[in-house]
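# Coordinates for the following, if possible.
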Amino acid sequence: MKELLKDYTNVPVDVAAKLLNVSKPFIYRGLQKGTLPIGTAVQISNEKYTYHISPGLLIDYIEGSENKYQELKNMIEKALERDKYDKENN
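Next up, the predicted model:
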């Protein structure tokens with residue numbers, strides 16, 4: 001994967017869509033809404049956007065780094081819940 005994307009500084013939307021097995025509109029809307037953590041969308045006029053897809057963020061997303069961050073977040077939340085429970089019951 002890294003080898004495939006190494007020459008890009010801005011991954012084309014069609015390449016990202018193929019790698020993620022989704023449609024180009026999915027990529028566009030995900031970047032516009034900020035829900036797809038692989039790059040940015042900047043509105044340059046009323047109906048026009050420009051897009052930047054980071055090769056590094058795309059690789060991380062594909063390789064599941066998002067899952068690692070979610071697991072860490074879940075672990076922290078559980079630890080905080082245990083701490084709160086201990087304070088309330090001691």
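
# C-alpha from now on. contacts and neighbour counts both.
OK.

# Would you point out which residue is most central in the chain?
For the chain, the residue nearest the mean C-alpha position is Pro37 (2.1 Å; Cα atoms, centre = their mean).

# Name the nearest residue to Val13, ignoring sequence neighbours.
Counting by Cα to Cα, 6 or more residues apart in numbering, Val13 lies nearest to Lys24, which is 6.3 Å off, once chain neighbours are set aside.

# need the helices for this structure, in chain order.
2-5, 13-20, 24-33, 55-63, 65-88 (DSSP state H).

# ok, back up a step: got the contact list for the residue nearest to the centre of the chain?
Residues in contact with Pro37 (Cα atoms under 8 Å, 6 or more residues apart in numbering) are Leu31, Leu57, Leu58, Tyr61.

# Which pLDDT value does the model give the residue nearest to Val13?
At Lys24, the pLDDT value in this model is 97.

# so what's it up against?
Lys24 neighbours (Cα under 8 Å, 6+ apart): Val13, Asp14, Ala17.

# quick one: the first one and Thr50 touch, right?
No - Val13 sits out of contact with Thr50 when judged by Cα atoms under 8 Å, with a separation of 10.8 Å.
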